[in-house]
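# next one to model:
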Amino acid sequence: SYSFCTLLPILTMKNMLALASVVGCASATVDLWLTSRISASDLEHQLYQVSTPGSDAYGKYLSETELAGLLGRSDEEVQKVTSWLSAKNLKYTVSGAKDRVEVMSNEKLEIPSDLQHLITKSVLRVADGVKLQRTSLQGENLGAWSSVDTRKAYNVPSDLTGDGENQMVWGPGTYGVLVSDVQKYWEKYGIDGSVDRLKLEGYAPKQKSGDNFGEASLDTDIITGMAPGAITHVSNTNDTKAPEEGPGFGYAQLAFLNKLAGESTVPGVLSLSLGSLTWKSCDILCKGVAEQGVSTYAECLQEIQYNERQVCMFSNDFVIEQANVEFMKLGLRGVTTLAAAGDGGMHFSFQPFSEFTALGRALNKVACAHAMPTFPASSPYVTAVGGTTWSSSKFENTSSSNPAYWNGGGSSVSWDFPMPDYQKEVVQQYYANKGSDWPADGSFNTSCRAYPDISALASGNAMCTHGSCISAGGTSAAAPTFAGFVTLLNQDRVKRGVARLGFFNPALYKAGAEHADEMFFDVVNGNSKCNSLTCTTCTTGFPATKGFDLATGWGAPRWAMSKYL
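The predicted model follows:
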């Protein structure tokens, strides 16, 4: 299984991915985070000014120079920091926004007293990767729908291809593609793709296998299929072992986001398929296990960080809090960030823990009693994409025009972030209709950010990898699907002489409250008690209902939403 992705084999698997991945050796890096010139709340205010229709600043995005002037340190202040590093014979790189200095160092740096007002935090990145890395193949033979089918189902005009737009997918570790696989996907499904519009950036993974390599294949096939005329950037900014599936991921993602926000040019759309439980979710799990007396807190944390894939990839609150700052900065630059909501429903990042061990059973007990939000989907500053299915043995008449909740689609509520104003009305309306099969009071925080915001096809998605074309799924298929859709919305907006969407949750919810029937395929069947493996581990979750719900958000997109965005 890929991160947030369940593979459904329909062709021979002889040449499929190896069951273990070997990635590059870790190099030690220290991030010096410079003190921002404005507070996070002021930054958020600036973001909503450029992101809210009707605001005088709506669509007036910032250049990299303007962003650096807003929050970065002055050249003189940065030079004080770099002079100290040069005196220590350390190599460094200053971020474009002048708010981070990346230092090659084997140990955390102690900040001199005369620089402590400029440096808010010194962070030594995690250097160890997960001990267990595997790729499993599972699921039913559901056939395969290509991006051509998805475009047709979502009523996308045939003349829109994303021409003139830029879109990006990202991942660390083994994240990368074989161009021949992408070409095979284009040829098989009649997509007018071009290698000239495919930009492989950063590191080329040393090993053409591993979960993240497969993820990149899926992401690239789908997003280029949705918007074949756009320039698609496939980015890997850290090919070491640490970020593949363990706690080094959070640091790698954070460094990438910070670097991207400070670039002179940025993509209109960024699709993020990779993620895991939040640090708070991991903390709740291990405290609950320790209370049961099954293991100590430290033993539990070691297990879920290093022996379980894609469960606990954020090592502390700082990594997540700072990532939120970076998402706000990207929104100010005019980037729309889409994040896969996860494949574990309400209670897991992916699948339940093993019932064959005492620790696994204890972890499942705690997880089923709580919301287990993932990140970055739970960030208020990204658009979280859940999953739907067009084929269901449980719900009759399921189809592309009558989709159902895909079992496993991420659906939860944050423990960390207050509910943003843009979603308060519809989420509270949903809570007002709570039924007897809902999660228990106290198992989630009704005043915090809820997700997903929208959903897309997450079952039976066609992809090609290592020369074979197969059927895949998961919200890591849904995210690039909707990301490509947003690229097309941007192309349409530019043709009409208006700015690209950028961070568009405020616009999405405002328009959705008034025109939901035209903008979305409503999803009324399914419940997020299910994960991508089973619906029996946990007994409660969020049900899909008429209108907005926490199983699929607003539902699946219709092209008619372009009239209101």
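
# following element in sequence after whatever helix or strand Y422 lives in, please.
Assigned by DSSP states H and E, Y422 falls within helix 421-431. Of the helices and strands lying after helix 421-431 in sequence (DSSP H and E), the nearest is strand 448-451.

# what pairs with that following strand, parallel or antiparallel?
Sheet pairing for strand 448-451, assigned by DSSP bridges, gives strand 412-418 (antiparallel).

# buried residues in the strand it pairs with?
For strand 412-418, burial by neighbour count (16 or more other CB atoms under 10 Å) applies to S412, V413, S414, W415, D416, F417. The way it works is simple: take the backbone N, C-alpha and C, and place the C-beta from them, glycine included.

# quick one on the thing from earlier: contact partners of the helix holding Y422?
Contact with helix 421-431 is made by 419, 446, 449-450, 453, 505-506, 508-510, 512-513, 545, 547-550, as judged by CB atoms under 8 Å, 6 or more residues apart in numbering.

# buried residues in that helix?
Within helix 421-431, the residues that count as buried by 16+ other CB under 10 Å are Y422, Q423, V426, V427, Y430.

# got the angle for it vs strand 412-418?
140 degrees (axes from the mean of the first three to the mean of the last three CA atoms, to 10 degrees).

# alpha carbons only: can I get helix 421-431 in CSV?
Output of helix 421-431 as CSV, limited to C-alpha atoms (Å, rounded to 0.1, in the frame of the first residue of the first chain):
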residue,chain,number,x,y,z
ASP,A,421,-14.6,31.2,10.4
TYR,A,422,-15.0,30.0,6.8
GLN,A,423,-16.4,26.7,7.9
LYS,A,424,-18.1,27.4,11.2
GLU,A,425,-21.7,27.7,9.8
VAL,A,426,-21.8,24.5,7.8
VAL,A,427,-19.9,22.4,10.3
GLN,A,428,-22.1,23.5,13.2
GLN,A,429,-25.2,22.7,11.1
TYR,A,430,-23.8,19.2,10.5
TYR,A,431,-23.1,18.8,14.2
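
# can you map out the helices along this protein?
With DSSP state H applied, the chain shows helices at 40-51, 64-71, 75-87, 147-153, 179-189, 211-226, 248-261, 279-292, 297-302, 317-333, 358-368, 421-431, 475-495, 505-519, listed in chain order.

# T240: which of those is closest?
helix 248-261 (7.3 Å; CB to CB).

# can you name every helix or strand that the closest one contacts?
Packing partners of helix 248-261 (3 or more CB pairs under 8 Å, 6 or more residues apart in numbering; DSSP states H and E): strand 29-34, strand 100-104, strand 166-170, helix 317-333.

# swap in 10 Å and give it another go.
Helix 248-261 makes packing contacts with strand 29-34, helix 64-71, strand 100-104, strand 119-124, strand 166-170, strand 231-236, strand 269-272, helix 317-333 when contacts are defined by 3 or more CB pairs under 10 Å, 6 or more residues apart in numbering; DSSP states H and E.

# which of these sits most buried?
Each of these was scored by mean neighbour count; the highest is strand 269-272, a mean of 28, by mean count of other CB atoms under 10 Å.

# can you give the distance of it from its chain's centre?
Centre-to-centre, strand 269-272 and its host chain are 8 Å apart (CA atoms, centre = their mean, to the nearest Å).

# cool, stretch 171-190 as well?
Centroid displacement of stretch 171-190 relative to its chain, using CA atoms, centre = their mean, is 20 Å.

# and if you look at stretch 514-523?
The answer for stretch 514-523 is 24 Å, by CA atoms, centre = their mean.

# next: stretch 511-531.
20 Å.

# mind listing what's buried in it?
Neighbour counts over stretch 511-531 (16+ other CB under 10 Å) mark 511-513, 515-516, 519-531 as buried.

# and the end-to-end length of it?
End-to-end distance of stretch 511-531 (CA to CA, to the nearest Å): 30 Å.

# and P53, how far is that from K280?
According to CB to CB, to the nearest Å, P53 and K280 sit 32 Å apart.

# with neighbour numbers in mind, choose between the two.
K280 (19 against 13; other CB atoms under 10 Å).

# and the more buried one, what pLDDT?
For K280, the model assigns a pLDDT of 97.

# show me what contacts it?
F314, D317, I320, M372, P373, F375, S378, S414, W415, D416, F417 (CB atoms under 10 Å, 6 or more residues apart in numbering).

# repeat that for 6 Å
By CB atoms under 6 Å, 6 or more residues apart in numbering, the residues touching K280 are W415, D416.

# one more: F375?
G275, T278, F314, I320.

# ok, for it, nearest residue in space, not its chain neighbours?
In space, and not counting its chain neighbours, F375 is closest to T278: 4.6 Å by CB to CB, 6 or more residues apart in numbering.

# number of residues surrounding that neighbour?
30.

# touching, it and P373? I think so.
Yes: counting by CB atoms under 6 Å, T278 does reach P373; the two are 5.4 Å apart.

# what are the buried residues along stretch 206-213?
In stretch 206-213, the ones that count as buried by 16+ other CB under 10 Å are Q207, K208, S209, G210, D211, N212, F213.

# pLDDT on it, on average?
For stretch 206-213, the mean confidence score works out to 80.

# equivalent analysis for stretch 83-98, please.
Taken as a whole, stretch 83-98 has an average pLDDT of 96.

# picking that back up, with the buried residues of helix 421-431 in mind, which one is nearest to G408?
Closest approach between these and G408, by CB to CB: Y430, at 20.3 Å.

# ok, back up a step: dump the helices of the chain to JSON lines, plus distance to L565.
Formatted as JSON lines, the helices of the chain follow (distance: least, CB to CB, whole Å):
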{"stretch": "helix 40-51", "distance to L565": "12"}
{"stretch": "helix 64-71", "distance to L565": "24"}
{"stretch": "helix 75-87", "distance to L565": "39"}
{"stretch": "helix 147-153", "distance to L565": "18"}
{"stretch": "helix 179-189", "distance to L565": "27"}
{"stretch": "helix 211-226", "distance to L565": "17"}
{"stretch": "helix 248-261", "distance to L565": "23"}
{"stretch": "helix 279-292", "distance to L565": "32"}
{"stretch": "helix 297-302", "distance to L565": "42"}
{"stretch": "helix 317-333", "distance to L565": "15"}
{"stretch": "helix 358-368", "distance to L565": "36"}
{"stretch": "helix 421-431", "distance to L565": "14"}
{"stretch": "helix 475-495", "distance to L565": "6"}
{"stretch": "helix 505-519", "distance to L565": "6"}
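
# so which of those helices comes closest to C535?
C535 lies closest, by CB to CB, to one member of these: helix 358-368, at 12.1 Å.

# buried residues in the closest one, which are they?
By neighbour count with 16+ other CB under 10 Å, helix 358-368 contains the buried residues L359, G360, R361, A362, L363, N364, K365, V366, A367, C368.

# burial check on K394, number of neighbours?
K394 has 11 neighbours, counted by other CB under 10 Å.

# distance of the residue nearest to M561 when sequence neighbours are not counted from A560?
Residue nearest to M561 in three dimensions, not counting chain neighbours: M519, with 3.9 Å by CB to CB, 6+ apart. Separation of M519 from A560 (CB to CB): 6 Å.

# just T161 next, same as before
The gap separating T161 from A560 is 19 Å, by CB to CB.

# what does K91 give?
53 Å.

# so where's this structure uncertain?
Counting by pLDDT under 70, the chain shows low-confidence ranges at 1-27, 126-143.

# which strand residues bridge the residue positioned nearest the centre of it?
Centroid-nearest residue in the chain, with CA atoms, centre = their mean: A339, separated by 2.8 Å. Counting by DSSP bridges, A339 forms beta bridges with L272, A384.

# wait, what's in contact with it?
A339 makes contacts with L272, P376, A377, V382, A384, as judged by CB under 6 Å, 6+ apart.

# 8 Å instead, please
By CB under 8 Å, 6+ apart, the contact set of A339 is L272, G275, P376, A377, S379, V382, T383, A384, V385, A479.

# now for the fifth one, how many residues are close by?
The reference is to S379. Quick note: S379 (other CB under 10 Å) scores 26 neighbours.

# my guess is it contacts A323, does it?
Yes: assessed by CB atoms under 8 Å, S379 is found in contact with A323 at 7.0 Å.

# I'm done for today, thanks for sticking with me.
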